[in-house]
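Undergrad: I would like to see how this sequence folds:
(2 chains)
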Amino acid sequence: MKLRRSMLYVPGNAPAMLRDAHIYSPDSVMFDLEDSVSPREKDAARHLVFQALKHYDYAGVERIVRINGLDTPYGLEDIAAVVCGGVDAVRLPKTDGPEDILAVEQAVAAAERRFGRPTGSVKLIAAIESARGILAVRDIAVASPRLIAIAIGAEDFVTDMHTSRSPDGVELLTARSMLVMAARAAGIMAIDTVFSSVDDEEGFQREVRLAKQLGFDGKSVIHPSQIAMVHAIYAPTTEEVAKARRVIAAAADAEAKGSGVIALDGKMIDKPIVERAMRVLALAGEVDA
Amino acid sequence: MNTNSIGRELPGSVPGYDSIIGFEGPTTRRRADAKLYASLDKALDAVGVRNGMTISFHHHFREGDRVVNMVIEALARRGVRDLVLAPSSLTTIHAPLIERIKGGTIRTIRTSGLRGPLADAISAGLMDEPVLIHSHGGRARAIDAGEITVDIAFLGVPSCDERGNANGSSGASAFGSIGYAMVDARNAKKVVLLTEELVPYPLTPASIRQDQVDAIVKVDSVGDPAGIGKGATRMTRDPRELLIAQTAARAIAAAGIVQDGFSMQTGSGGASLAVVRFLRELMLARGVKASFALGGITSQLVRLLEEGLVGTLLDVQSFDLDAARSIAANPGHREIDASYYANPGRKGCAVDALDVVILSAMEVDLDLNVNVITGSDGIIRGASGGHCDTAAGAGLTVVVEPLLRGRIPTMMDRVTTIITPGESVDLLVTDRGIAVNPLRPELRDTLLRAGLPVRETAELKRLAESYTGVPRPIEFDDRIVALVEYRDGTIIDTIRRPKGLAR
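TA: Alright, predicted model coming up:
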């Protein structure tokens, strides 16, 4: 089971950071061609990210690139470069409706054909950053089989909502809840927004705990120091791990006996419980993520 | 029979006492201000200067030092020539010495470190006689053994009393431990104190003592506080340095070091200093305390002392003003001299009692030899310090460095200059994995079992070069600009002039 507890943002025009992002052990690295790159640097950043994808060994860490929207002069070229470079997933910003996903999907599919990559090998992540996007989130979440996760981008969202971010995040509660529910309904992942005060470790941890409790699978992070904090909060307790081990053992036992019914302590265990146990063990680092 | 000055009759000899010298009158009380001179020149007249003598200084004022330049200028004005300059170290601020070398005032230099314009000029062949680079322990040994005979030690102090009792921790220019200078004060033929303040007798504790001091000169300023040290050494926020430090701490813990009563030292540099933070977390989690921390002492180590997590700080050099304040205030924070610290020629020294030392490096090679003196251009820009002393003494020697600095690999076939031999390095911790000395296969197994990322040195080198390409080797000509002495007085390497730098 692939974990996406932490997605580390890396500006696409920072060569040393592109080279090293994975050494801090995030679940995914996310090279940014969009907001952290000024228009003057767009070409250089695209080229750098292309070369990094093509030549650097990220030791198995998932590589995502946030592209510029297709409504900008850069979006199509971004897609071609990163698909050619071998990206694992494309993250599109400012998704307002399923039509945005479909447009990117078409461009990605075309790039896959052009560069000889298997159709469907490039996955998509959609970031929702507006009220319109949140209201369309049910349709967005099921817009493409390539879609593996949806994410909320809070800064643009609160601006759109004529409000600002607060420590307890009340202004985001509805949007977060709607997004995570749409993700669950569609069977994909939900990724929480960045927390930009790098020095406020307490505030960051509070926000991660909130997101985890709401059901989010992980968080976008902007600094390597945030990665360990996210992983610590998502780590299951010793009791949870012990129970999960017993569930998995019971499932293996049932399979060995050729029995379709899994039993533990005299109770029947459903498939979802086995899945949750797998997830617990993945979070505990006991099975391959 | 003889008669003494009071009229008592004395025999010429008695059994067991061959020659009896008669009393001639009481020694007179030495005036309190007998050692005080109104100017440096008057003190120089009093102690006597001559061509070719060896003079010494300490480097506790670091980049703020005003003493070396001041004294050399005074000696140059008097036309003194061919001096052997033997300070504990030299820094960027000593660039004016270039002119005094050209003019013949200084003939040769023995030091732990060289930086800045002076180092550049020496690398380019400024001196006819090569500089001798030695370690802090090696210097203490050489002075102690008489290999370096210091004719006059010029020791700057923030304050002293008028009879010559001094320390480094009282006064406006306080820097904490004066450990390097204590060896000079004990061994030099003449000791001249340059002080910023005179305080009433007795100044205590006396690190430098009245029975060692010949002359005292009050000067306006011995050092620039801004250059002497920061208030507190800030913990690095560089994620790469923190990653390296955390990996190093995990390796140290896996090696079984973090137990009640262990001892440690951290060298300068962001990653090695940051290891203290992670060791502290481990100590708190395991409920263990360290017996002592040694060496350059920082605010982080002072915090451990004040939290009761370490019993004693043995301080040969205070790295920041927090440490300087602490040495004056905390009973458990003790000043030690360079000989106690690291002298290999005596009957014992503190580095031999270390369980673990964490050291920085500029370059490391496939055999784990370490360079901390010459840069990637072959030019001198560092200091030997206590690197080879602590590496030899500690039970576990951990070298930390990023695999790449800018676009230059730090891992190479052969380091430019060897300061510490690879035989005394146990672990190299980088941001891309840990290399273990092949002499320690059991340690390698232990780290692997603990899930730590162990790699071969050759693998690390290949990885570094996969990003940068293979760097072109630096070319040197035949001119030897410095000899590198190992702590026992043998020569471990030479430093040549990079090609194209000949003037």
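Undergrad: Can you read off the pLDDT for the closest residue to chain A within chain B?
TA: As assessed by Cβ to the nearest Cβ, chain A sits closest to residue B:239 within chain B, at 3.8 Å. In this view, the C-beta of every residue, glycine as well, is placed from N, C-alpha and C. The model reports residue B:239 with a pLDDT of 93.
Undergrad: How about it, nearest residue that isn't a chain neighbour?
TA: Nearest non-adjacent residue to residue B:239, counting by Cβ to Cβ, 6 or more residues apart in numbering or on different chains: residue A:224, 3.8 Å away.
Undergrad: Am I right that the one you found is in contact with residue A:24?
TA: Yes - here residue A:224 lies in contact with residue A:24, judged by Cβ atoms under 8 Å, at a distance of 3.8 Å.
Undergrad: before we move on, back to that, residues near the residue nearest to residue B:239, how many?
TA: Residue A:224 has 23 neighbouring residues, counting by other Cβ atoms under 10 Å in any protein chain shown.
Undergrad: Same check on residue B:140?
TA: Residue B:140: 34 neighbours (other Cβ under 10 Å).
Undergrad: before we move on, which element is it in?
TA: Assigned by DSSP states H and E, residue B:140 belongs to helix B:136-144.
Undergrad: Next, the buried residues of that helix.
TA: B:136, B:137, B:138, B:139, B:140, B:141, B:142, B:143, B:144 (16 or more other Cβ atoms under 10 Å in any protein chain shown).
Undergrad: And for stretch B:470-487?
TA: B:476, B:479, B:481, B:482, B:483, B:484, B:485, B:486, B:487.
Undergrad: Domain-wise, how is chain B divided?
TA: Dividing chain B into domains by automatic domain parsing, as the record does, gives the ranges B:36-228, B:239-474.
Undergrad: re earlier: would you quantify the distance from the residue nearest to residue B:239 to residue A:21?
TA: According to Cβ to Cβ, to the nearest Å, residue A:224 and residue A:21 sit 8 Å apart.
Undergrad: shared neighbours, these two?
TA: residue A:8 (Cβ atoms under 8 Å, 6 or more residues apart in numbering or on different chains).
Undergrad: quick one: low-confidence parts of the stretch 401-503 of chain B?
TA: Scanning the stretch 401-503 of chain B for pLDDT under 70 picks out the ranges B:503.
Undergrad: could you pull out the strands for it?
TA: B:404-405, B:408-409, B:411-412, B:427-430, B:433-436, B:476-485, B:491-498 (DSSP state E, counting those that start in this stretch).
Undergrad: Now those in a markdown table, please, with extra columns for distance to residue A:41.
TA: Output for the strands of the stretch 401-503 of chain B, formatted as a markdown table (distance: least, Cβ to Cβ, whole Å):
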| stretch | distance to residue A:41 |
| --- | --- |
| strand B:404-405 | 23 |
| strand B:408-409 | 25 |
| strand B:411-412 | 32 |
| strand B:427-430 | 30 |
| strand B:433-436 | 32 |
| strand B:476-485 | 40 |
| strand B:491-498 | 36 |
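Undergrad: Of those, which is nearest residue B:18?
TA: strand B:476-485 (45.0 Å; Cβ to Cβ).
Undergrad: What strands line up against that closest one, and which way round?
TA: strand B:131-133 (parallel), strand B:491-498 (antiparallel) (DSSP bridges).
Undergrad: Quick check: which of these is buried the most?
TA: Highest mean neighbour count among those (mean count of other Cβ atoms under 10 Å in any protein chain shown): strand B:131-133, with a mean of 25.
Undergrad: Residues contacting stretch A:83-91, please?
TA: A:28, A:30, A:49-54, A:62-67, A:79, A:82, A:104, A:108, A:111-112, A:114-115, A:117, A:122-127, A:148, A:151.
Undergrad: Filter the residues you listed down to the buried ones and hand me the PyMOL line.
TA: In PyMOL syntax, the buried subset of these is picked out as below (16+ other Cβ under 10 Å):
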select buried, chain A and resi 28+30+49+50+52+53+62+63+64+65+66+67+79+82+104+108+111+112+117+122+123+124+125+126+127+148+151
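Undergrad: circling back: out of the buried residues of stretch B:470-487, name the two that are farthest from one another.
TA: Checking those with Cβ to Cβ, the most distant pair is B:479 and B:487, at 25.9 Å.
Undergrad: Show me what residue of the stretch 101-250 of chain A gets nearest to chain B.
TA: residue A:224 (3.8 Å).
Undergrad: Run through the residues that contact that residue.
TA: Contacts of residue A:224 by Cβ under 8 Å, 6+ apart are A:8, A:24, A:26, B:239, B:243.
Undergrad: Of those residues, which one scores lowest on pLDDT?
TA: Lowest pLDDT among these: residue B:239, 93.
Undergrad: for chain A, what are the nearby residues on the stretch 301-450 of chain B?
TA: Residues of the stretch 301-450 of chain B that fall close to chain A, judged by Cβ under 8 Å from any Cβ of the partner chain: B:404, B:431, B:432.
Undergrad: List the residues that contact the second one.
TA: I take that to be residue B:431. Counted by Cβ under 8 Å, 6+ apart, residue B:431 has contacts A:20, A:23, B:240, B:243, B:244, B:247, B:402, B:403.
Undergrad: And the first one, by the same measure?
TA: Residue B:404 is in contact with A:19, B:410, B:464, B:467, B:468, counting by Cβ under 8 Å, 6+ apart.
Undergrad: what pairs with it across the strands?
TA: Under the criterion used (DSSP bridges), residue B:404 bridges to residue B:409.
Undergrad: Near the residue in the stretch 1-150 of chain A that chain B sits nearest to, how many other residues are there?
TA: Closest residue of the stretch 1-150 of chain A to chain B, Cβ to the nearest Cβ: residue A:23 (5.4 Å). By other Cβ under 10 Å, 23 other residues sit near residue A:23.
Undergrad: If anything else comes up later, I'll come back, but that's it for now.
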